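S.K.: here is the input, now give the coordinates:
(one chain, ligands or ions: 1)
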Amino acid sequence: MASLAIAVVVSQFHASYVERELAVQTQTEHYVKAMEAHVIYSIQSVDLSLIGFANAIKVLPAKQSQSAGTMADLLSWKGSSFNSDYWITFVDPKGNAIATSTGDKVLGASYADRDYFKVHVRNTYPGKLFIGEPAVGKVSKKRLFFLSRRVESAKGEFLGVVVAPLNVDRYINVFQNSRFDSDISISLVHGGGKVIARVPNSDQAFARDLSSTALFDNVRRTSTGTYKTVSVIDKLSRVFSYRVIDGLPLIIVVGSNDDETARLLQQNYVTAGCGLTALLLLMWIAGIFSLRTYTRQEEREIRYRTLYSASREMERQLLDNEEQRKKNEESMKQAALLFQNSGEGMMVTDARGQILTVNPAFSLLSGYKEKELVGHRAYDLASSRNDKEFFDRIFECVSKTGYWKGEIWQKSKDGEEYLVSMLINTVHDDEGNPFRYVALLSDITQKKASEELIWRQANFDALTGLPNRRMFNEHLRLEMKKTDRSHLPMALIFVDLDHFKEVNDTLGHDKGDMLLKEVASRLSASVRSTDIVSRLGGDEFTVILSELHNAADVVRTAQDILRKMSTPFHLGEHIAHISSSIGITLYPEDGRDAETLIKNADQAMYTAKEQGRNRFNYFAPFMQEATHTRMTLVSELREALQRDQLRVLYQPIIDLSNGAIVKAEALVRWQHPSRGLLAPAEFIGLAESSGMIKGIGDWVFQQAAREVLKLQAISSPSFQISVNKSAWQFRDDGSNYQLWLDFLRQLKLSPRSIIIEVTENLLLESDRMLALQHAHMQIAIDDFGAGNCPVSVLKQFGVDYLKIAPGFVAAKGDGLQISEAIIAMAHKLGIQVVAEGIETQQQLAAMTAAGCDFGQGYLLSKPISGEELEKQLQKQYAPVGK
Ligand SMILES: Nc1nc2c(ncn2[C@@H]2O[C@H](COP(=O)(O)OP(=O)(O)OP(=O)(O)O)[C@@H](O)[C@H]2O)c(=O)[nH]1
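M.R.: The predicted structure is shown next:
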């Protein structure tokens, strides 16, 4: 029983010993992990600053990276965030300290012999952090170890080394505070062998070389482990756990004093051997002891766990930090890459606006190389188009918000101005003062130009450059508002050219365009610079006379416009004579809104046309009625064709030699449901202006063709009907000639059955007349003598008939002589002549005597229906016997 009890006690104490040894090992391992986390964390945060500086120096212009002043500026910027644990020094390529973040005078101190400098000269750590051996600082006399990085220019040239000396006291304090047991030793050892920091005995241990101790025997075998040895520093036997920090030349070593374990074990064995008598007592004591041991162990266990979870937390933070560091490093690299390769121009200035650096895209944009710009004021690059107020506004905005975005005209090296969209951002120092301004620029000259073009096209008339209808509407509303404020009336003037289409018809569209341009400049010259001239379209212009002080100004302007429009227009080799009709309305007198004013001015203008053109008219309420009638008539005319209200009447044309009806002129009439039979003069103008003339013209042509078929059957195949074609129809694309010919072919009618009556002026539209001639339709010149057609043109176009204007036919004396001259001339040219408007026997006799070929007029016959004409022809051709 006793031996069993002893065996139980011994085995219990042995188990307790093993457990304790394991516990000591676990404890040291936890320490190692926790301390490692702390060291890595601290080194990485210092390294981030080094990377930041290396990158900042990299983008500095070459001259500045060698300037102690600039470097001191740059380092001192961050200086405030450093505590006394570390600082940063920039060492030039020769090893001389140039500047330091503490602002200390380090000039002259040479670090060329330091390992952390030499490795970077040899470039054995490209792009990597180097950790130098611990040493006492040359100037500070503190115990330090060193982190350093090589600094290169953007082109890879060696610019120097940034070094952060770290005060080892920082680690000593942390290690000291982490120890909850004075048995424990914690050391940070440099990979080269020298102790950086150790507790306890920090003074003795600093820079002590451990490269030939058991630690390095173990380290050379494996990067982490546990071993037992007597410390060379304090001569105590310890269980040491160590770990080489991943990727860094640093080793964390934690030792636990082994003496207490040995002593406990020995004591337990002796007690166990004291005999059976003491067994129960022993068991009781041992029970209490082991309870105490367990209690102590439990306490420790809790502390280990706490420490362990702290170390895990640190590990986690470390991982996060590592990620953050990588991200930061990456984003710094990307920022540098972006700066160099961005398509957008970038410029960095100091707080006073002096350029520090620009990127290649900026050089491309401005034409200046970086070195030509550094040190100059950013302001100097702006074009003189921007005035001082503009810059004042920018500075005010930047100083208030730190930010400005807008468009600004710049001037390139070769003097060319270009527009950029610019974004200015401020970089502040740690005290919140502006430190740098970063400007991003992109050239928007082209974009702006095309936007402007689009805007111009949308708002201005391409031919004259005047505001178009859209812009006019905007101006009108604005001017009305102005009037509301100033209480000075405004006049809206509509100007429409008289018979402008004849210019197009006779001289061609190009000359018409020239005339419109000239009209635009004459109108602009008739008004004040504050008045607005617009072109609404076609030959329709408007003038807004704003803020009128004197009502007489409107009349004066209208008269001036009338005079200027009736002054001959020199269009190349031609001279055109036109006039204009003007409508005037007043705001606010005649209408309160823009639509009403526009309608009023249009009505007044239309009345001026009706009253004989070349005049101006003020709007009066009765005009509304007239316009209303006109509008109604237009909509009724639209339906007239479908409702079969149009009629064609035929006025016989007599062969003056024998009195026979040999031809007829087709004349259209509108059988209006309430207004009776309307003559062409009452609706053809409307048909032309509303675009209905083509449909009506085609319909008349078809009616005439059908009728001539019947009339030829009754009389002779030579019977002809003439149809009038208005100038408007000739301006059409010409495709309807083909339709007409097709129609004649369908009816098996010769093209010669139809005569096309045109005015003299139309004859000048040569190509279309030739097309007609080609189609073998005959041509008659209507109202001959009223226009100014050169005789040579008649011959040139193979005109078949001249119709003498009724005015000459009716006239006696000179008028008769003119008719005789026309007849003689026509006959010489092989052209036959029709006398129009014969109303009396005398006129008939005179024309017959003058040798005129054909006659037409009320004396001979009024226009009659197709059936009536058929009857008359039947009578004329009835066999003589009947
Ligand atoms: N050359 C030219 N002609 C145009 C342009 N725009 C419209 N026109 C023509 O301008 C003419 C305007 O015709 P209207 O005002 O109806 O007729 P008008 O001959 O001036 O006769 P009234 O106004 O009744 O005196 C039409 O023949 C259009 O084809 C243009 O840009 N250039």
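S.K.: C-alpha only now, for contacts and for neighbours.
M.R.: OK.
S.K.: quick check, pLDDT for the most centrally placed residue in the chain.
M.R.: Closest residue to the average C-alpha location of the chain: residue 447 at 6.8 Å, with CA atoms, centre = their mean. Listed pLDDT for residue 447 reads 87.
S.K.: residues from this structure in reach of the ligand?
M.R.: Applying CA under 6 Å from any ligand atom, we find that the chain lies next to the ligand at 496-502, 504, 509-510, 512-513, 538-539, 689.
S.K.: so residue 531 versus residue 493, what's the distance?
M.R.: The spacing between residue 531 and residue 493, counted by CA to CA, to the nearest Å, is 11 Å.
S.K.: my error: substitute residue 604 in the last question.
M.R.: Residue 604 is 9 Å from residue 493, by CA to CA.
S.K.: and what of residue 631?
M.R.: Distance from residue 631 to residue 493, by CA to CA: 21 Å.
S.K.: next one: residue 599
M.R.: Taking CA to CA, one finds residue 599 at 11 Å from residue 493.
S.K.: dump stretch 680-692 to CSV, restricted to CA.
M.R.: Provided in CSV are the C-alpha atoms of stretch 680-692 (Å, rounded to 0.1, in the frame of the first residue of the first chain):
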residue,chain,number,x,y,z
PRO,A,680,-57.2,81.5,-109.2
ALA,A,681,-56.1,84.9,-107.8
GLU,A,682,-58.1,84.1,-104.7
PHE,A,683,-56.5,80.8,-103.8
ILE,A,684,-53.4,80.0,-105.9
GLY,A,685,-51.2,82.2,-103.7
LEU,A,686,-52.4,80.2,-100.7
ALA,A,687,-51.9,77.0,-102.5
GLU,A,688,-48.3,78.1,-103.2
SER,A,689,-47.5,79.2,-99.7
SER,A,690,-49.0,76.1,-98.1
GLY,A,691,-47.4,73.7,-100.5
MET,A,692,-50.6,72.5,-102.1
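S.K.: buried residues in stretch 815-827?
M.R.: Using 16 or more other CA atoms under 10 Å as the test for burial, stretch 815-827 gives 816, 818, 819, 820, 822, 823, 824, 826, 827.
S.K.: can you check stretch 687-696 too?
M.R.: Quick answer for stretch 687-696 (16+ other CA under 10 Å): 687, 688, 692, 693, 694, 696.
S.K.: one more: stretch 555-574?
M.R.: So for stretch 555-574, counting by 16+ other CA under 10 Å, buried means 557, 558, 559, 560, 561, 562, 564, 565, 566, 569, 571.
S.K.: the second one contacts residue 616, doesn't it?
M.R.: Yes. In this structure, residue 558 is within contact of residue 616 by CA atoms under 8 Å, at 6.7 Å.
S.K.: name the residues contacting each of the two.
M.R.: Jointly contacting residue 558 and residue 616 under the rule CA atoms under 8 Å, 6 or more residues apart in numbering are residue 582.
S.K.: so who does residue 782 touch?
M.R.: If you count contacts by CA under 8 Å, 6+ apart, then residue 782 has 757, 758, 759, 760, 802, 803, 804, 805 around it.
S.K.: oh, that last question was meant for residue 345, not what I typed.
M.R.: Residue 345 touches 358, 359, 360, 361, 362, 363, 365, 440, 441, 442, counting by CA under 8 Å, 6+ apart.
S.K.: which one of those residues sits in the busiest neighbourhood?
M.R.: Counting by other CA atoms under 10 Å, residue 358 has the largest number of neighbours within these, with 27 neighbours.
S.K.: test my guess that that one contacts residue 370.
M.R.: Yes. Shown here, residue 358 and residue 370 form a contact pair, counting by CA under 8 Å, at 5.8 Å.
S.K.: need the overlap of contacts for these two.
M.R.: Common neighbours of residue 358 and residue 370 (CA under 8 Å, 6+ apart) do not exist.
S.K.: okay, residue 531 and residue 493: which has more neighbours?
M.R.: residue 493 (30 against 17).
S.K.: where does that one land in three-state SS?
M.R.: With DSSP: H, G, I helix; E, B strand; the rest coil as the basis, residue 493 sits in strand.
S.K.: now for residue 531 and residue 493: what residues contact both?
M.R.: With CA under 8 Å, 6+ apart, residue 531 and residue 493 have common neighbours 543, 544, 545.
S.K.: the ligand: which of these is nearest?
M.R.: Distance to the ligand across the shared contacts of residue 531 and residue 493 (CA to the nearest ligand atom) is lowest for residue 543, with 16.9 Å.
S.K.: before we move on, back to that, the contacts of residue 345 in strands, which ones?
M.R.: 358, 440, 441, 442 (DSSP state E).
S.K.: what about the nearest residue to the first one once chain neighbours are set aside, helix or strand, and which?
M.R.: This means residue 358. In space, and not counting its chain neighbours, residue 358 is closest to residue 347: 4.3 Å by CA to CA, 6 or more residues apart in numbering. Per DSSP states H and E: residue 347 is located in strand 345-350.
S.K.: in its sheet, which strands sit next to that strand, and in what direction?
M.R.: strand 355-358 (antiparallel), strand 434-443 (antiparallel) (DSSP bridges).
S.K.: take the ones you listed and write them to TSV, including mean pLDDT and distance to residue 851.
M.R.: Below are the strands paired with strand 345-350 laid out as TSV (pLDDT from 0 to 100; distance: least, CA to CA, whole Å):
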stretch	mean pLDDT	distance to residue 851
strand 355-358	89	95
strand 434-443	89	81
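S.K.: out of those, which is closest to residue 238?
M.R.: strand 434-443 (54.7 Å; CA to CA).
S.K.: give the next helix or strand downstream of that closest one.
M.R.: helix 445-459.
S.K.: which helices and strands does that following helix pack with?
M.R.: Judged by 3 or more CA pairs under 8 Å, 6 or more residues apart in numbering; DSSP states H and E, the packing partners of helix 445-459 are strand 417-428, helix 469-486.
S.K.: tell me the most buried of those?
M.R.: Looking across the helices and strands packed on helix 445-459 with neighbours counted as mean count of other CA atoms under 10 Å, the highest average goes to strand 417-428: a mean of 18.
S.K.: what comes up buried for stretch 857-874?
M.R.: 857, 860, 861, 863, 864, 865, 866, 869, 870, 873.
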